[in-house]
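Asks: Using only what follows, build the 3D model:
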Amino acid sequence: RSIRSSTMWDVAAKLGNTVGLLNLPMTYPVPEVNGYAIAGMLSVRRDATFAYPSELLELVESMGSYVVDIEPATYIERGAIGEMLRDLVAMTRRRIDLAISLIESYPTDVFMTVFVTPDRIQHTLWHLLDPSHPLHNAKEGAALVSQIDQCYATVDEGIGRLISAAGPSAATIVMSDHGFGPLIRHLDIEAWLRETGMLKYRQGTRPARRALELAHAETLVWKGLGLLRGSRKAPLGLAQIKELLIDWPATKAFRGDAEGYSLYMNMRGREPWGLLEPGPEYDETRQTILQGLKALIDPDDGASVVDTACLAEEVYRGPFTYEAPDLLLTLRSGYKAGRQFYASRIFWPAQRDRWGTGCHRREGIVALAGPAVASTDKGLSASIMDVAPTVLYLLGAPIPDDIDGKIIADALQPGMLAARQPETAPASEIAVIRPGGHVYSEQEEQEVNQRLRNLGYLD
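Replies: Next up is the predicted model:
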């Protein structure tokens, strides 16, 4: 498992609260909680790994064709946007019906669910929602506007039904895990690393690189190409093949994730073919890249592209910091880090392709309601990290002393915090440790990787 720390619902449950989880990402296979859990994104089986307790599978199946998620890329390739919007409405309605059934039949102290519909629309159709987007098509937008509106209205109606089902004494938090904005231009960080000499390709790989440059991002390359070693029989994605073509002993830095917002130094003792010695060589190289990113200019308009570039220790803390990327960056509005599979250009314009025309922004939304919540027209200043301590405080539970974030004090009734001071507890005393281990079979891992490609998380 990738989650190696206690979650908010872990802490709430360990302190005696019952919890209900529906469609939360990264909850497959479902955890055994003090309550119930039905898995979300990247689920592959409908068995005891999908629902806890497993008796809830019957309820899920009674909802008809219950869908966990859709993959916009598969609709874009078929030119089936109208079908995608209809499927989003159907998926959302079934999720709402299931959520209401759970709330009414299995009441809990905490209930959490996730709606992915706004994300899928905004990635795919931002150019139709935003008249200022270079790819805006007013005629197409007018033809789809009623279906798009129906998607948002269905989510809005669902939230209203959930609030009503929870009852007048419940506190409700509606939040997004990120915001959205237009995707205008792509930046290929790996191409920039090549240009600056920080990343090298192996000698004699030009034909393979050219083949990858021309290949479609969903193409799978088999062991028969002679590029893979070992006995693996499963196909690899282009990004994995690409890594085999990198000259690792001559490479100083490389991209750390599918979207390219993090970089790792190829440090000796940590990476399999580490080049940089820990200490001055590592520090100087990292600073050189950091300053280069801050100075990076898009020749299209002569303006800088990187909003922030920072070192890992400026962002992360805790026992797993050693696994964190060495550098992290955010880009100015309209830009998204991407990859063009060995194309020579560093920048290129967004297109109406599988990656869509909208991309994530750090600024999201949060709204609270309930008896404990103050009425205000000033708005709130909050971080996504503030949600967990706020929920725990509203439950009357102690807050782990190592938690990031703070209680959203401005959202609560005046005097509430003074009347009931927040409690803290040593994280070690309320930690929930789950066993690790491999979750997916080889075939299931292929399926999950393909879904991640269709959602834009993998190349």
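
Asks: For the rest of this, base every contact and every neighbour count on C-alpha atoms.
Replies: OK.

Asks: Next, the distance between the ends of stretch 181-197.
Replies: One end of stretch 181-197 sits 32 Å from the other (CA to CA, to the nearest Å).

Asks: typo on my end, stretch 301-313
Replies: 33 Å.

Asks: what does stretch 34-47 give?
Replies: End-to-end distance (CA to CA), stretch 34-47: 19 Å.

Asks: Next, the buried residues of it.
Replies: Buried positions in stretch 34-47, judged by neighbour count with 16 or more other CA atoms under 10 Å: N34, G35, Y36, A37, I38, A39, G40, M41, L42, S43, V44.

Asks: give the contact list for the first one.
Replies: The neighbours of N34, taking CA atoms under 8 Å, 6 or more residues apart in numbering as the test, are A13, K14, G16, N17, T18, V19.

Asks: check contacts around the closest residue to E447 other than its chain neighbours.
Replies: Distances taken as CA to CA, 6 or more residues apart in numbering place V44 nearest to E447, at 7.8 Å, with adjacent residues excluded. V44 sits next to E444, E447, V448 when contact means CA under 8 Å, 6+ apart.

Asks: Next, count neighbours for the second one.
Replies: It refers to E447. 16 (other CA atoms under 10 Å).

Asks: then the helix or strand encompassing it to CSV, C-alphas only?
Replies: Per DSSP states H and E: E447 is located in helix 442-454. Output of helix 442-454 as CSV, limited to C-alpha atoms (Å, rounded to 0.1, in the frame of the first residue of the first chain):
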residue,chain,number,x,y,z
GLU,A,442,-0.1,-8.6,-13.0
GLN,A,443,-3.2,-8.4,-15.1
GLU,A,444,-4.9,-6.1,-12.7
GLU,A,445,-1.8,-3.8,-12.6
GLN,A,446,-2.0,-3.5,-16.4
GLU,A,447,-5.6,-2.5,-16.1
VAL,A,448,-5.0,0.1,-13.5
ASN,A,449,-2.0,1.5,-15.4
GLN,A,450,-4.2,1.8,-18.5
ARG,A,451,-6.9,3.7,-16.5
LEU,A,452,-4.2,6.0,-15.1
ARG,A,453,-3.1,6.7,-18.7
ASN,A,454,-6.7,7.4,-19.7
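
Asks: What is it packed up against?
Replies: Here helix 442-454 touches helix 72-76, going by 3 or more CA pairs under 8 Å, 6 or more residues apart in numbering; DSSP states H and E.

Asks: now for the helix it packs on, which elements pack on it?
Replies: Short answer (3+ CA pairs under 8 Å, 6+ apart): helix 72-76 packs on helix 81-105, helix 442-454.

Asks: hang on, the earlier thing: nearest to N23, of the contacts of V44?
Replies: Nearest to N23 among the contacts of V44: V448, at 16.0 Å, using CA to CA.

Asks: who are the neighbours in contact with the residue nearest to the closest one when sequence neighbours are not counted?
Replies: Spatially, and ignoring its direct neighbours in sequence, V448 is nearest to L42 (6.0 Å; CA to CA, 6+ apart). By CA under 8 Å, 6+ apart, L42 lies in contact with P25, M26, Y28, V448, R451.

Asks: so how far is P426 from the closest residue to the last one other than its chain neighbours?
Replies: So the one you mean is R451. Spatial nearest neighbour of R451, excluding adjacent residues (CA to CA, 6+ apart): E71 at 7.0 Å. E71 is 41 Å from P426, where distance means CA to CA.

Asks: So which of these two has more stuff around it?
Replies: E71 (17 against 12).

Asks: so where's this structure uncertain?
Replies: Across the chain, the ranges flagged by pLDDT under 70 are 1-2, 204-243, 257-259, 340-343, 354-355, 433-439, 453-459.

Asks: hey, which helix is longest across it?
Replies: When the chain is parsed with DSSP state H, its longest helix is helix 138-166.

Asks: Please, where are all the helices along the protein?
Replies: Using DSSP H, helices in the chain cover 8-14, 56-62, 72-76, 81-105, 117-129, 138-166, 189-195, 206-214, 238-245, 280-294, 387-395, 416-419, 427-430, 442-454.

Asks: Wait, M267 touches G279, no?
Replies: No: counting by CA atoms under 8 Å, M267 sits too far from G279 to count as a contact (9.8 Å).

Asks: higher neighbour count, these two?
Replies: M267 (20 against 9).

Asks: what sits opposite the more buried one in the beta ladder?
Replies: L276 (DSSP bridges).

Asks: if I look at it, how far off is M198?
Replies: With CA to CA as the criterion, M267 and M198 are 13 Å apart.

Asks: what touches both of those two?
Replies: Counting by CA under 8 Å, 6+ apart, the common neighbours of M267 and M198 are K252.

Asks: quick one, what contacts the nearest residue to E83 once chain neighbours are set aside?
Replies: Distances taken as CA to CA, 6+ apart place Y75 nearest to E83, at 7.6 Å, with adjacent residues excluded. Contacts for Y75 were tallied using CA under 8 Å, 6+ apart; they are I81, E83, M84.
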